[in-house]
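Chemist: Got a sequence here, can you build the structure:
(chains A and B)
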Protein chains: 2
Amino acid sequence: MASKEGTLVLLSGGQDSTTALFWAKKRFSRVEAVSFDYGQRHRVELKHAAKTAALARAGHTVMPVREFEAIKYSALIKGAKRGKKDRVNKKLPATFVPGRNILFLAAAASYAYTKKIHNLVIGVSQVDYSGYPDCRRGFLSAMEKALSLGLDYRIKIHAPLINKTKKETVLLAKKLGVLHYLKHTHTCYEGKTPGCGKCAACVLRAKGFEDAGVEDPLFERR
Amino acid sequence: MASKEGTLVLLSGGQDSTTALFWAKKRFSRVEAVSFDYGQRHRVELKHAAKTAALARAGHTVMPVREFEAIKYSALIKGAKRGKKDRVNKKLPATFVPGRNILFLAAAASYAYTKKIHNLVIGVSQVDYSGYPDCRRGFLSAMEKALSLGLDYRIKIHAPLINKTKKETVLLAKKLGVLHYLKHTHTCYEGKTPGCGKCAACVLRAKGFEDAGVEDPLFERR
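Modeler: Here you go, the predicted structure:
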């Protein structure tokens, strides 16, 4: 049975957050979505997010996040340096945007506060992830505490995919009956639609669908 | 003796963060400052911050923070609703910007990461504060942990004024020999220079100087 509480889903326009949005739709009676315009190289994901939110009949807000443009770090930020020597932690991939989920959760919590929403949903996974430290359970727990104390307001962070492989995330979408919505998602690091098929993100997605034995709707004839 | 580590001071351009900046100058050999352009009604404080950073010979960056403009909540944000009925927590004053320090610390930590700085300095006090929950020690400890985990990078938050009254902050500036720098600060909620003398912020500042038995350089003949 759906909780009567409201929830705010962090919706990037990718496969995982889209699945998390539909998970939230089954679980909460009032669902809103927030996306972040943070200077990402692939703004097409914001279009996908808007489309998905509309299909899910969830209110949708795009929050401007300009901080990373001032930092210019990570291959995912427009105009940033991309060389390995420029990286602080060389074990992390060039796509790491330092503190991205920290800032997104902080912004989402402030927004949720003004909407009297106590629940945040984020589609991160600590299994099939790229080594990003802000996708781990320990971080989410610490952040939940910091947000609740800093706002003097109960914030609960839900991460329904936290322990799921890509395969299991595909199977969750199948179980929820929302696989077809994954057509309107963006995954490719190179900004290609439906995907370059070669970058780390495309490869991970393809493997997830293959392992689940499901066809990716992204590649259905349009 | 000064630590060889670098530090990043969150500099609002007000009395407290200016004092915290000069505290940091004595304590760390490399000091940078960051200010936030967050849609505040009184942008004059950014000018003061730049002036103060230059006087302290600290590198200074202004980060754009646009999230609060999307939220439009608090009397300190341009164009926001200001009525009591619009407030989520009516015990907090209309000037509360929900999650302001959460977002500022998150942005500062991301910036510090790219600069290989591990220390953040913030001039908050949990004594003479306006009831803002993001000015308390418990929040800062939780945030320090969340930032360190989310970045997989040690972040230490220093809050030299956390247990100081305004009087004690004035006395600290005196002890550091930097009282005269407080001339270039902004305090007034009404945006007046040197101050309206009536708003909560002006009254608190005046009382601090009075209790310390020190003349406020803000009101010296210019």
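Chemist: Please, where are all the strands along chain A?
Modeler: Secondary structure of chain A, counting by DSSP state E: strands at A:3-10, A:28-37, A:59-64, A:119-121, A:156-158.
Chemist: Can you check which of those strands gets nearest to B:G59?
Modeler: strand A:59-64 (25.5 Å; C-beta to C-beta). Yep, even glycine has a C-beta here, placed from its N, CA and C like the rest.
Chemist: of the strands of chain A, which approaches A:K145 most closely?
Modeler: With C-beta to C-beta, the closest approach to A:K145 among the strands of chain A belongs to strand A:156-158: 9.8 Å.
Chemist: list the contacts for A:F22?
Modeler: A:A56, A:A173, A:L176, A:V178, A:Y181 (C-beta atoms under 8 Å, 6 or more residues apart in numbering or on different chains).
Chemist: same thing but 6 Å
Modeler: By C-beta atoms under 6 Å, 6 or more residues apart in numbering or on different chains, the contact set of A:F22 is A:L176, A:V178.
Chemist: And it, how close does it get to chain B?
Modeler: Note on A:F22: its distance to chain B, by C-beta to the nearest C-beta, to the nearest Å, is 25 Å.
Chemist: Show the pLDDT at that residue.
Modeler: A:F22 carries a pLDDT score of 98 in this model.
Chemist: any chance of the strands of chain A in a markdown table, plus mean pLDDT?
Modeler: As requested, these are arranged in a markdown table below (pLDDT from 0 to 100):
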| stretch | mean pLDDT |
| --- | --- |
| strand A:3-10 | 93 |
| strand A:28-37 | 95 |
| strand A:59-64 | 94 |
| strand A:119-121 | 98 |
| strand A:156-158 | 98 |
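Chemist: Skip the chain neighbours and tell me the closest residue to A:R87.
Modeler: For A:R87, ignoring the flanking residues on the chain, the nearest one in space by C-beta to C-beta, 6 or more residues apart in numbering or on different chains is A:A94 at 6.8 Å.
Chemist: Give me the neighbour count for the one you found.
Modeler: Per other C-beta atoms under 10 Å in any protein chain shown, the neighbour tally for A:A94 reads 17.
Chemist: show me where pLDDT drops low in chain A?
Modeler: Residue ranges of chain A with pLDDT under 70: A:1, A:73-77, A:80-84, A:128-130, A:221-222.
Chemist: Near chain B, which residues of it are found?
Modeler: Taking C-beta under 6 Å from any C-beta of the partner chain as the criterion, the neighbours of chain B within chain A are A:63-64, A:66-67, A:70-71, A:73, A:88, A:98-99, A:102-103, A:106-107, A:109-111, A:113-114, A:133-134, A:138-139, A:142-143, A:145-146, A:149-152.
Chemist: Check those for burial and list the buried ones.
Modeler: The neighbour-count test (16 or more other C-beta atoms under 10 Å in any protein chain shown) applied to the residues of chain A next to chain B identifies A:63-64, A:66-67, A:70-71, A:73, A:98-99, A:102-103, A:106-107, A:109-111, A:113-114, A:133-134, A:139, A:142-143, A:145-146, A:149-152 as buried.
Chemist: about what we covered before: of all the strands of chain A, which lies closest to B:I162?
Modeler: Distances from B:I162 to each of those were compared by C-beta to C-beta, and the smallest falls on strand A:156-158, at 26.5 Å.
Chemist: And the closest one, what's buried?
Modeler: The neighbour-count criterion (16+ other C-beta under 10 Å) identifies A:I157, A:H158 as the buried residues of strand A:156-158.
Chemist: For the residue located most distally from the centre of chain A, give its distance to A:A94.
Modeler: Relative to the centre of chain A, and counting by C-alpha atoms, centre = their mean, the farthest-placed residue is A:K85 at 27.7 Å. In this structure, A:K85 and A:A94 are separated by 11 Å, where distance is defined by C-beta to C-beta, to the nearest Å.
Chemist: cool, A:D211 as well?
Modeler: Counting by C-beta to C-beta, the gap from A:D211 to A:A94 is 26 Å.
Chemist: same question, A:A206
Modeler: Relative to A:A94, A:A206 is positioned 21 Å away (criterion: C-beta to C-beta).
Chemist: try A:G213
Modeler: Applying C-beta to C-beta, the value for A:G213 to A:A94 is 32 Å.
Chemist: now the helices for chain A?
Modeler: Remark: helices of chain A, listed N- to C-terminal, are A:15-27, A:44-55, A:67-71, A:100-114, A:137-151, A:166-176, A:200-212; assignment by DSSP state H.
Chemist: Now A:Y132: closest residue in space that isn't a chain neighbour?
Modeler: Excluding the flanking residues, the one nearest A:Y132 by C-beta to C-beta, 6+ apart is A:F96, at 5.9 Å.
Chemist: For A:D86, see how far away that neighbour is.
Modeler: 12 Å.
Chemist: same thing with A:E168?
Modeler: Spatial separation of A:E168 from A:D86 under the definition C-beta to C-beta is 35 Å.
Chemist: which one of those two has more residues nearby?
Modeler: A side-by-side neighbour count of A:E168 and A:D86, using other C-beta under 10 Å, places A:E168 first with 17 against 14.
Chemist: Measure how buried A:S125 is and give me the count.
Modeler: Counted by other C-beta under 10 Å, the residues lying close to A:S125 total 19.
Chemist: Buried deepest among the helices of chain A, which one?
Modeler: When the helices of chain A are scored by mean count of other C-beta atoms under 10 Å in any protein chain shown, the highest mean neighbour count falls to helix A:100-114 (a mean of 26).
Chemist: Now do it and strand A:59-64, the angle between them.
Modeler: Between helix A:100-114 and strand A:59-64, the angle comes out at 130 degrees (axes from the mean of the first three to the mean of the last three C-alpha atoms, to 10 degrees).
Chemist: Centre of the chain to helix A:100-114, how far?
Modeler: Relative to the centre of its chain, helix A:100-114 is centred 13 Å away, using C-alpha atoms, centre = their mean, to the nearest Å.
Chemist: again with stretch A:91-109
Modeler: Distance, centroid of stretch A:91-109 to centroid of chain: 11 Å (C-alpha atoms, centre = their mean).
Chemist: Do me a favour and get the end-to-end distance for that stretch?
Modeler: The first and last residues of stretch A:91-109 sit 30 Å apart, counting by C-alpha to C-alpha, to the nearest Å.
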